[in-house]
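Asks: quick one: sequence and predicted model below, then my questions.
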Amino acid sequence: MEKCKITHLLLRHSSKLLFDRRLKPNSHNWVFRSASDYNGTFIKKGFGNTRTMQYRFFGSIATKIERNTAFSTLNSDDVSHFKEILGEKNVIQDEDVLLTANTDWMRKYKGFSKLLLQPRTTNEISQILKYCDSRHLAVVPQGGNTGLVGGSVPVFDEVIVNMGSMNNIITFDKVSGILVCEAGCILENLISFLDNHGFIMPLDLGAKGSCQIGGNVSTNAGGLRLVRYGSLHGNILGLEAVLANGNVLDMLGSLRKDNTGYDLKHLFIGSEGSLGIVTKVSILTPPKLSSVNLAFLACSDYLSCQKLLLEAKRKLGEILSAFEFLDNQSMDLVLNHLEGVRNPLPSSMHNFYVLIETTGSDESVDKEKLEAFLLRSMEGGLISDGVIAQDINQASSFWRIREGVPEALMKAGAVYKYDLSLPVEKMYDLVEEIRLRLGETAKVIGYGHLGDGNLHLNISAPHYDDMILAQIEPYVYEWTSKHCGSISAEHGLGLMKANKIFYSKSPETVQLMGSIKKLLDPNGILNPYKVLPHTLSSYH
Ligand SMILES: O=C(O)CC[C@@H](O)C(=O)O
Ligand SMILES: [Zn+2]
């Protein structure tokens, strides 16, 4: 107990102070990777000009993606038509803007779109899609473009529908906590808005400063609070979506209970813009509670992390609001690549770090509860050291470590990302096995949302290398499937894993998904080449 600096409590309410990895890209070490670095030199050598094919290394075998020949190519009449709908300034052909919008946050995926549209209303989106459908022009909906699986950028020349101008809060009910807003609202702005009214968003992500709620809903984003508030399938009470043919589906209800037939809103939560464009959402937001505490803890082995989780669920129960972990290799990466970050518990003995956040309504009771829990955990040998944040700044610095891992990985060079749902007791075995497979050739790190059984397995190497990839895939997917896990816990399938869906879904299920896609988007114009295997998502 001597070492456990159980001090005092904090309020973690000013999200502005929290680091946002998307807002602070590394301007020094940033290496812009051309598509050929990751996707193979084929693009450059063979198809650079025609841009009708891309080769991407999905697994050890290069997968050829062909541009769907059923799609038309944009012409000047199309551009004029869009200008009539949206006005001149919302039809963007500027090369710099397009370069940014064509490239994903990691600089791994790059499309060649020639047009970005900025609608301001549902009606404008409806007109855009109706026109695109009739012309067979493919479309990629784009929110904050913070995705990690290549889902929010074009693959070829798809028209980009940028949602950023639809950023109005429509209503907020201070009694029920139901917020209705447009899809382009930035998550952090919603967090601030709710904070002023004494409420919080049920989701919190490292990307909050850039990501938009429409993108969060479309990808069913998870994040740091899921362990407490559940997924967006539970928190989204209703939504409005525009179908490929321009029809507007008004499902913007705000009822907790509504059992009148199929609950179709769920089709749009997590379908990554492949079935329709989400334009408005209705969200159930929890009240902000007065006592928020954050403990940063060290564990000597993974078994202790697991036991600690079990104990936290038992003993902290209703006040537990986050349970995150990182291994010491993740910590090293953060310390080596992010400025101003320091380990609050430095020691070569710590193999794992755990962040436990509690959120409750009674400051003294909650504090006592957490302190007693930490004391018992330390006496029982589950924790080897720990500290409770004493103020908002210290809390921010603790979160910075956890939220900073993806940014540190980017700065370190090439990164292979896997976002897996696995049984907690098996989860870290995979990290160790991949470490053994790769030896000294790459750094293998494991971190994530332990409380949700969600591992972020990341492999960091100086450069992308097919030999490394061949050691990782399909091994990771096969291992996950063998242990009844999911190959995408929260990031989605996007382009990266569209063809891997069978590792987590039965052929019958995928077939039915294909039928739903065909029903809602018969011409396949919405976010083609993503989510479903290419034969089903982009029919010729
Ligand atoms: O980059 C990753 O692997 C994870 C990103 C995000 O989901 C997180 O939890 O930090
Ligand atoms: Zn995550």
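Replies: That came in fine, so what should we check first? Numbering: from 1, shown residues only. Ligands and ions are numbered 1, 2, ... in the order given.
Asks: looking at this protein, which helix or strand is least sure?
Replies: helix 42 (a mean of 27; mean pLDDT, DSSP states H and E).
Asks: sticking with the residue nearest to H266 when sequence neighbours are not counted, tell me its helix or strand.
Replies: Distances taken as Cβ to Cβ, 6 or more residues apart in numbering put H233 closest to H266, at 6.0 Å, once the chain neighbours are dropped. For every residue, glycine as well, the C-beta is placed using N, CA and C. If you go by DSSP states H and E, H233 is part of helix 232-235.
Asks: let me see the mean pLDDT of that helix.
Replies: Averaging pLDDT along helix 232-235 gives 98.
Asks: separation between L148 and ligand 1?
Replies: Separation of L148 from ligand 1 (Cβ to the nearest ligand atom, to the nearest Å) stands at 6 Å.
Asks: ok, now S134?
Replies: From S134 across to ligand 1, the span is 38 Å (Cβ to the nearest ligand atom).
Asks: just to revisit the earlier point, buried stuff in the helix holding H233?
Replies: L232, N235 (16 or more other Cβ atoms under 10 Å).
Asks: same question for stretch 298-314.
Replies: Quick answer for stretch 298-314 (16+ other Cβ under 10 Å): A298, C299, S300, Y302, S304, C305, Q306, K307, L308, L309, A312.
Asks: ok, those vs M331, which is closest?
Replies: Using Cβ to Cβ, A298 is the member of these that lies nearest M331, at 9.6 Å.
Asks: hmm, the closest one is touching F352, no?
Replies: Yes: A298 is within contact range of F352, at 7.1 Å (criterion: Cβ atoms under 8 Å).
Asks: quick one: contacts for the closest residue to T121 other than its chain neighbours?
Replies: Nearest in space to T121, with sequence neighbours left out and distances taken as Cβ to Cβ, 6+ apart, is M166 at 7.2 Å. Contact partners of M166, counting by Cβ atoms under 8 Å, 6 or more residues apart in numbering, are P119, R120, T121, T122, E182, A183, G184, G214, T279.
Asks: and if we set it to 6 Å?
Replies: Residues near M166 by Cβ atoms under 6 Å, 6 or more residues apart in numbering: E182, A183, G184.
Asks: so the first one makes contact with S165?
Replies: No: under the criterion of Cβ atoms under 6 Å, E182 lies out of contact with S165, with a separation of 8.9 Å.
Asks: more crowded one of those two?
Replies: For the pair E182 and S165, the greater number of neighbours falls to E182 (23 against 16), based on other Cβ atoms under 10 Å.
Asks: measure the closest residue in space to the more buried one that isn't next to it in sequence to R120 for me?
Replies: Nearest residue to E182 in three dimensions, chain neighbours excluded: M166, at 4.0 Å (Cβ to Cβ, 6+ apart). For M166, the distance to R120 equals 6 Å [Cβ to Cβ, to the nearest Å].
Asks: cool, N343 as well?
Replies: Going from N343 to R120 by Cβ to Cβ gives 46 Å.
Asks: list, one by one, the residues from the stretch 201-350 of the chain near ligand 1.
Replies: With Cβ under 6 Å from any ligand atom as the criterion, the stretch 201-350 of the chain comes near ligand 1 at residues G206.
Asks: can you tell me the residue of the stretch 201-350 of the chain closest to ligand 1?
Replies: With Cβ to the nearest ligand atom, the shortest gap between the stretch 201-350 of the chain and ligand 1 falls at G206, namely 4.8 Å.
Asks: next: the stretch 301-450 of the chain.
Replies: P406 (3.5 Å).
Asks: so that residue is in which element?
Replies: Here P406 is assigned to helix 405-412, by DSSP H and E.
Asks: pull that helix out as PDB, backbone CA atoms only.
Replies: C-alpha atoms of helix 405-412 as PDB (Å, rounded to 0.1, in the frame of the first residue of the first chain):
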ATOM      1  CA  VAL A 405      -1.000   5.400 -28.700                       C
ATOM      2  CA  PRO A 406      -2.400   5.600 -32.300                       C
ATOM      3  CA  GLU A 407      -0.500   8.900 -32.900                       C
ATOM      4  CA  ALA A 408       2.700   7.500 -31.500                       C
ATOM      5  CA  LEU A 409       2.300   4.500 -33.800                       C
ATOM      6  CA  MET A 410       1.900   6.800 -36.800                       C
ATOM      7  CA  LYS A 411       5.100   8.600 -35.900                       C
ATOM      8  CA  ALA A 412       7.000   5.400 -35.500                       C
END
